[in-house]
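this is a predicted model, with the sequence first.
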Amino acid sequence: MVLRLVGGVRTGEDSEDLRAFLRTLEGSAEVHETALLACGNHGDERPTWTYIEADPATGVARRRCLQCAANVWVLDSEGRWTFPRMWSCGTCGQSIAEVAAGLAMPDGEHVEWVVLGARCVDCGRVDGLTDMVLPGTPLREVLDAL
Ligand SMILES: [Zn+2]
Ligand SMILES: [Zn+2]
């Protein structure tokens with residue numbers, strides 16, 4: 001784990017560090033699983049560079065693949081969409097990120113809480129984006145809807 005805190009800003013070197021960040025969020029529920037989100041439109045390639053719009057107040061998010069511009073609403077965000085601004089890095093202004101999800105599964109099988117975080121592909125800054133409470137939902141189902 002290479003998370004560093006520089007002037008109040010946390011940075012990570014790679015997506016593993018982003019996942020570690022989600023496991024160590026202050027005041028959050030315990031995170032049991034993490035998943036790096038990727039576009040499924042490219043066969044085995046699964047590119048992770050994305051734009052992300054997220055609303056921390058309402059728990060909605062949508063990501064857009066950098067390569068193919070396909071939009072994916074996270075979970076049930078489409079029906080509750082609030083048109084949040086696109087994320088951009090508070091340090092360097094880059095709006096391309098890697099996005100990962102941290103999942104709380106108190107019973108080991110059902111996801112009850114999801115938190116999303118982003119890592120700037122330029123400077124490595126990591127930010128929390130939003131979080132969502134779910135009725136206990138099977139892990140597979142949640143992973144397919146992120
Ligand atoms: Zn794509
Ligand atoms: Zn940056």
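Good, I have the coordinates. Ligands and ions are numbered 1, 2, ... in the order given.

could you report the neighbour count for the residue lying closest to Met86 once chain neighbours are set aside?
Closest residue in space to Met86, ignoring its immediate chain neighbours: Glu53 at 5.0 Å, by C-beta to C-beta, 6 or more residues apart in numbering. Bear in mind the C-beta positions are built from the backbone N, C-alpha and C, glycine included. Glu53: 23 surrounding residues under other C-beta atoms under 10 Å.

now check the host helix or strand of Glu53, is it near ligand 1?
Taking DSSP states H and E as the criterion, Glu53 maps to strand 50-55. No: no part of strand 50-55 sits near ligand 1 under the criterion C-beta under 5 Å from the ion; the closest distance found is 8.5 Å.

Leu129: how many residues sit nearby?
Other residues near Leu129 number 22, with proximity taken as other C-beta under 10 Å.

got phi/psi on it?
Torsion angles at Leu129 (phi, psi; degrees, to the nearest 10) stand at phi -110, psi -60.

residues in contact with it?
Under the criterion of C-beta atoms under 8 Å, 6 or more residues apart in numbering, the neighbours of Leu129 are 52, 54, 56, 61, 87, 99, 115-118.

for ligand 2, what are the nearby residues on this structure?
Within the chain, the positions lying close to ligand 2 (C-beta under 5 Å from the ion) are 89, 91-92, 94, 120, 122-123, 125.

most neighbours among the residues you listed, which one?
For the residues of the chain next to ligand 2, neighbours were counted by other C-beta under 10 Å; the highest total belongs to Cys120, with 25 neighbours.

enumerate the residues of this structure near ligand 1.
Looking at ligand 1, the residues of the chain close enough under C-beta under 5 Å from the ion are 39, 41, 65, 67-68, 70.

still on that earlier bit, looking at the residues of the chain next to ligand 2, which are in strands?
Counting by DSSP state E, those place Cys120 in strands.

quick revisit: tabulate the contacts of Leu129 in a markdown table, adding columns for neighbour count.
Written out in a markdown table, the entries for the contacts of Leu129 read as follows (neighbours: other C-beta atoms under 10 Å):
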| residue | neighbour count |
| --- | --- |
| Ile52 | 26 |
| Ala54 | 26 |
| Pro56 | 13 |
| Ala61 | 29 |
| Trp87 | 24 |
| Val99 | 26 |
| Val115 | 22 |
| Leu116 | 25 |
| Gly117 | 26 |
| Ala118 | 28 |
